[in-house]
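> I would like the atomic coordinates for the input below:
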Amino acid sequence: MVEATATGTIIRAEDLGVSYAGKPAVSDVTMDVPNHKITAIIGPSGCGKSTLLRSFNRMNDLVPTASVTGRVIFEGRNIYDPHVDPTEIRYLIGMVFQRPNPFPKSIYENVAFGPKINGFRGNMNELVERSLKAAALWDEVKDRLKSSALALSGGQQQRLCIARALAVEPSVILMDEPCSALDPIATLAIEQLMQELSQEYSIIIVTHNMQQAARVSHNTAFMLSDERNIGGFLVEYDESSRIFTNPKDERTEAYITGRFG
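A predicted model of the protein is given here:
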């Protein structure tokens, strides 16, 4: 088991395991996610990257056959404690998915949706504007806030989904392959946005793109799965500069140099 710690931790996974219908998907992951940094999770397909990511805000609870062992400590409490409301956790730890998934509503209503559900009593117009500005989308949509979000380009839709996540004022943003469906220009915009957002938010991103992980992340976790049927496990976790230039484990080096995976 690899254990990694970081100064200023926002999330700590302790012996975290996830199974689906009794079959392990992730096993014994212990790692600290640093505050106000971008943490990348990399590894070949099927090694449990997305499952690990979704365990950080209890999205796996939505899968009937899923079971979780171990702990995830966020703001001093185990989010899997039976007294913790998973809906509250999902507001505090937001999620941006692989493909943009705006609601079939207006741009404005997409951003306002979460705060309305949460009972927000402040100035909604200001909140929507602030969220869209934080997602670097305001200038492009400020004159058509009542237009359908589905009319936006793919890159704009993804930034809208980020704005929607920001509107409920989370501490952490989880991103599951957020650029995989985007063209290079839109991908660059999302990468620049992530770096800007990391000054105020903690970001965890799953990506298959080694160059992207090296470009945007401060820390990188490398996962693998093997024939022992224990699910995905953490091979190595360190500062990204070390992972991509001088990894400690030969399996990490083989993966990032393209010799397998």
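> how close does the residue of the chain positioned farthest from its centre sit to residue 107?
Distance from the centre of the chain peaks at residue 143, with 30.0 Å (C-alpha atoms, centre = their mean). Residue 143 sits 10 Å away from residue 107, going by C-beta to C-beta, to the nearest Å. C-beta here means a position set from N, CA and C on the backbone, and glycine is covered the same way.
> same deal with residue 142?
Counting by C-beta to C-beta, the gap from residue 142 to residue 107 is 9 Å.
> which residues are common contacts for those two?
residue 132 (C-beta atoms under 8 Å, 6 or more residues apart in numbering).
> Neighbour count: these two, which is higher?
Just comparing residue 142 and residue 107: by other C-beta atoms under 10 Å the higher neighbour count belongs to residue 107, 28 against 12.
> in stretch 113-131, what's buried?
For stretch 113-131, burial by neighbour count (16 or more other C-beta atoms under 10 Å) applies to 114, 115, 127, 128, 129, 130, 131.
> So which residues of the stretch 51-200 of the chain form helices?
With helices called from DSSP state H, counting those that start in this stretch, the stretch 51-200 of the chain shows them at 86-92, 107-117, 124-134, 138-141, 154-166, 184-197.
> residues contacting the most centrally placed residue in the chain?
What sits nearest the mean C-alpha location of the chain, by C-alpha atoms, centre = their mean, is residue 174, with 1.8 Å. Residues near residue 174 by C-beta under 8 Å, 6+ apart: 53, 54, 56, 57, 93, 94, 95, 96, 203, 204, 205.
> how much space is there between it and residue 39?
10 Å.
> On the three-state scheme, the closest residue to residue 253 other than its chain neighbours is what?
Leaving out its chain neighbours, the residue that sits closest to residue 253 by C-beta to C-beta, 6 or more residues apart in numbering is residue 247, at 4.8 Å. State at residue 247, reduced to three classes by DSSP: H, G, I helix; E, B strand; the rest coil: coil.
> Isn't residue 247 up against residue 236?
Yes. Assessed by C-beta atoms under 8 Å, residue 247 is found in contact with residue 236 at 6.0 Å.
> Quickly list what the residue nearest to the centre of the chain is bridged to.
residue 95, residue 204 (DSSP bridges).
> Distance of it relative to residue 241?
Distance, residue 174 to residue 241, by C-beta to C-beta: 23 Å.
> And residue 117, by the same measure?
Separation of residue 117 from residue 241 (C-beta to C-beta): 40 Å.
> Equivalent analysis for residue 154, please.
To residue 241, residue 154 is 31 Å away according to C-beta to C-beta.
> Kindly report the same for residue 214.
According to C-beta to C-beta, residue 214 and residue 241 sit 8 Å apart.
> Kindly report the same for residue 169.
For residue 169 relative to residue 241 (C-beta to C-beta), the value is 31 Å.
> do the same with residue 28
Counting by C-beta to C-beta - residue 28 and residue 241 are separated by 26 Å.
> more neighbours, the two?
residue 28 (19 against 13).
> Which residues are in contact with the more buried one?
Neighbour list for residue 28: 1, 15, 16, 17, 70, 230, 233, 234 [criterion: C-beta under 8 Å, 6+ apart].
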